[in-house]
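Undergrad: structure here, sequence nowhere to be found:
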Ligand SMILES: Nc1ncnc2c1ncn2[C@@H]1O[C@H](COP(=O)(O)OP(=O)(O)OP(=O)(O)O)[C@@H](O)[C@H]1O
Ligand SMILES: [Mg+2]
């Protein structure tokens, strides 16, 4: 087990700084998930940890050793590439064993390890095929297998499940988690899939434009986003945002907007709202924190009901503002009817409108 | 309600939807002016290029008596392959009179290394330039390309001096070195562009697997390079085979390539001009590039990187 410690990392492509002053400490044995919009530098960060791109400034430590200048194969890593990057002229078996052959591992050991990985990933019948004779999902599994046979201390996985069908993805997700538990290796995992992030991660890193926005346990990042970006990025359907003002009432803070007036629980705030007076804020509330019930203090008309299988998403028009709410029971809700609901004020997030930071 | 188990069309009929029988479309053979024009042009162009070839082939199969009658387009009355035999093994090429076969074998000796080395070196250059990017890579590449734009004639005299100093002038290695040098820009460009079109992550994966410069080249890149190597080979075989000026200057009397000897055959001033032998010799000389084109056409479009990337 080795941790990864990235300090003050800077990466440039020509004059274009993709990553600047990035600090990231990955604990040994951790399953760290990198989340972020396309082009925010997730792959770049992964490639720099792997030693595949030159670091402009800063340092990278793996297992306590400074590897900033080390060759990729000296870093004890295994990597799954976003584009698979399988060797097209080699069979699946030789793809997986290439690294071991290079390092001069004895033949029986190579066979044994390839077999083990192939069994785990259900690749046994495909070992003699060329990558061009495989489906997208099969190629992805070979790419994972190629990383696994290396017995590395740190695995870097760049969207390894992105091209699989839903069923296989769920299966492999579980396999990966079990694998992580049994290997105990550190894993850094890039994904666009929030379910993957939530289920796999011990910690989630949300990135934007080459900067880390928030690091934390999945639940913490989901429930207490540090800023508007993180709040909006996580969750489907996304968090509802209401622009308004925060004022100090008799019994604590009150959020007022053109559409609604909500008293807030003082416990939701990091900062002392007493002294700040009025301020422009954005109130964020997750769809599942809008409770639909008869004696709710708020009302609105139903715009649309989207059935999702095990739940429904109800779109409510609240004085011209569209809100989404998640409903788990099967009560009868009709479009255009008026319903009553309330906000779970203990679970709202409040952001300063100017700085977009959590209050 | 349509009955279960009936053919869909029947169901539709049952449901009362009239299915109009599709009218049999007769292919109207309209006389299309544009099409006629295209064919006329294509046929004219083909004739334009084929006529000389036709004349060469028929002439080479006639006896001199028949040629003297002056019917250029007529088929030979008495087929004879005698001119071909003469061209191959008897005709005088300058001093000696063993036919152009010596030239043929000289050309083969020149072409084989002049194909292998440029392709190998070009592949290494292209590979290094597209994957092992150093600061000087772009600069080096620009220099190499500049070399491609300088007319070869400018460099002949300096190269004569250099080769003479290295005592390679007028020798087989000498002419091969010349071909290697002059092919370098194009071969490098060819391979660099090919490797640049491969996914970079392929190379990165091999780096993680611990591959070094040569291992990645030999075990990963070279096996993927078959299509571009064939393209390179076609370019080199035809280019070197058709070369005249370098062969004349650098090969030396013993190693004159077939083109130079052909020129000697045709330009002999003594005696009667043997048109049939000349034609046969010319066709023999152009046979190798022709063969290369016929055999290798299908290789041009092959992509071997299929399956390396997503999708
Ligand atoms: N070789 C390169 N040269 C120049 N710019 C690059 C290069 N590679 C990446 N970039 C730029 O760096 C930024 C980050 O790219 P990166 O591939 O890390 O994004 P990503 O977060 O992995 O996105 P995605 O989720 O789409 O894979 C992008 O703006 C991209 O254009
Ligand atoms: Mg990426």
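TA: Happy to help now that I have it. None of these values were measured; they are calculated from a predicted model. Ligands and ions are numbered 1, 2, ... in the order given.
Undergrad: can you name the residues of the stretch 151-300 of chain A that neighbour chain B?
TA: In this structure, the stretch 151-300 of chain A approaches chain B at residues residue A:163, judged by C-beta under 8 Å from any C-beta of the partner chain. Using the backbone N, CA and C atoms, a C-beta is placed for each residue, glycine as well.
Undergrad: is the residue in the stretch 1-150 of chain B positioned nearest to chain A in a helix, a strand, or coil?
TA: Residue nearest to chain A within the stretch 1-150 of chain B (C-beta to the nearest C-beta): residue B:133, separated by 9.4 Å. Following DSSP: H, G, I helix; E, B strand; the rest coil, the label given to residue B:133 is coil.
Undergrad: contact partners for it?
TA: For residue B:133, the contact set (C-beta atoms under 8 Å, 6 or more residues apart in numbering or on different chains) is empty.
Undergrad: can you list the domain ranges for chain A.
TA: Following automatic domain parsing, one finds the domains of chain A at A:4-233, A:240-352.
Undergrad: can you tell me which residue sits nearest the middle of chain B?
TA: In chain B, the residue lying closest to the centroid (C-alpha atoms, centre = their mean) is residue B:234, at 3.5 Å.
Undergrad: how about the strands in the stretch 1-150 of chain A?
TA: Using DSSP state E, counting those that start in this stretch, the strands of the stretch 1-150 of chain A run over residues A:4-13, A:16-26, A:31-35, A:57-62, A:65-66, A:77-80.
Undergrad: average pLDDT for the last one?
TA: In this model, strand A:77-80 carries a mean pLDDT of 93.
Undergrad: do the same with the shortest one
TA: For strand A:65-66, the mean per-residue pLDDT is 92.
Undergrad: what's the answer for stretch B:219-230, then?
TA: According to the model, stretch B:219-230 has a mean pLDDT of 90.
Undergrad: please apply the same query to stretch A:101-112.
TA: Mean pLDDT, computed over stretch A:101-112, is 93.
Undergrad: who does whatever helix or strand the residue nearest to the centre of chain B lives in touch, helix- and strand-wise?
TA: Using DSSP states H and E, residue B:234 maps to helix B:226-242. With contacts defined as 3 or more C-beta pairs under 8 Å, 6 or more residues apart in numbering or on different chains; DSSP states H and E, the packing partners of helix B:226-242 are helix B:101-131, helix B:172-196, helix B:258-266, helix B:275-296.
Undergrad: so the residue in chain A that ligand 2 sits nearest to versus residue A:342, what's the distance?
TA: Closest contact between chain A and ligand 2, by C-beta to the ion, is at residue A:43 (3.0 Å). Here the distance between residue A:43 and residue A:342 works out to 43 Å (C-beta to C-beta, to the nearest Å).
Undergrad: more neighbours, these two?
TA: More crowded of residue A:43 and residue A:342, by other C-beta atoms under 10 Å in any protein chain shown: residue A:43, with 22 against 15.
Undergrad: where are the low-confidence patches of the stretch 151-300 of chain B?
TA: Applying pLDDT under 70 to the stretch 151-300 of chain B flags residues B:269-270, B:297-300.
Undergrad: what is the neighbour count of the residue in the stretch 51-200 of chain B that ligand 1 sits nearest to?
TA: Residue nearest to ligand 1 within the stretch 51-200 of chain B: residue B:200 (7.3 Å; C-beta to the nearest ligand atom). For residue B:200, the count of nearby residues is 17 (other C-beta under 10 Å).
Undergrad: repeat for residue B:249
TA: Residue B:249 sits with 19 neighbouring residues when counted by other C-beta under 10 Å.
Undergrad: so what does the helix or strand encompassing it touch, helix or strand wise?
TA: Here residue B:249, judged by DSSP H and E, is contained in helix B:245-250. Secondary-structure packing of helix B:245-250 (3+ C-beta pairs under 8 Å, 6+ apart): helix B:152-165, helix B:172-196, helix B:258-266.
Undergrad: among those helices, which is nearest ligand 2?
TA: Each of these has some distance to ligand 2 by C-beta to the ion; the shortest is helix B:172-196, at 20.1 Å.
Undergrad: JSON lines for the helices and strands packed on helix B:245-250, including mean neighbour count and distance to ligand 1?
TA: Formatted as JSON lines, the helices and strands packed on helix B:245-250 follow (neighbours: other C-beta atoms under 10 Å in any protein chain shown; distance: least, C-beta to the nearest ligand atom, whole Å):
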{"stretch": "helix B:152-165", "mean neighbour count": "13", "distance to ligand 1": "37"}
{"stretch": "helix B:172-196", "mean neighbour count": "21", "distance to ligand 1": "12"}
{"stretch": "helix B:258-266", "mean neighbour count": "22", "distance to ligand 1": "47"}
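Undergrad: in a markdown table: the ones you listed, plus distance to residue B:43.
TA: Output for the helices and strands packed on helix B:245-250, formatted as a markdown table (distance: least, C-beta to C-beta, whole Å):
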| stretch | distance to residue B:43 |
| --- | --- |
| helix B:152-165 | 38 |
| helix B:172-196 | 35 |
| helix B:258-266 | 31 |
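Undergrad: and those: which comes nearest residue B:123?
TA: Ranking the helices and strands packed on helix B:245-250 by proximity to residue B:123 (C-beta to C-beta) places helix B:172-196 first, at 4.9 Å.
Undergrad: let me know the angle separating the following helix or strand past that closest one from helix B:172-196.
TA: Downstream of helix B:172-196, the next assigned helix or strand under DSSP H and E is helix B:200-208. Going by axes from the mean of the first three to the mean of the last three C-alpha atoms, to 10 degrees, helix B:200-208 is angled at 110 degrees with respect to helix B:172-196.
Undergrad: now do the buried residues in the helix holding residue B:249.
TA: In terms of neighbour count (16 or more other C-beta atoms under 10 Å in any protein chain shown), helix B:245-250 has its buried residues at B:246-247, B:249-250.
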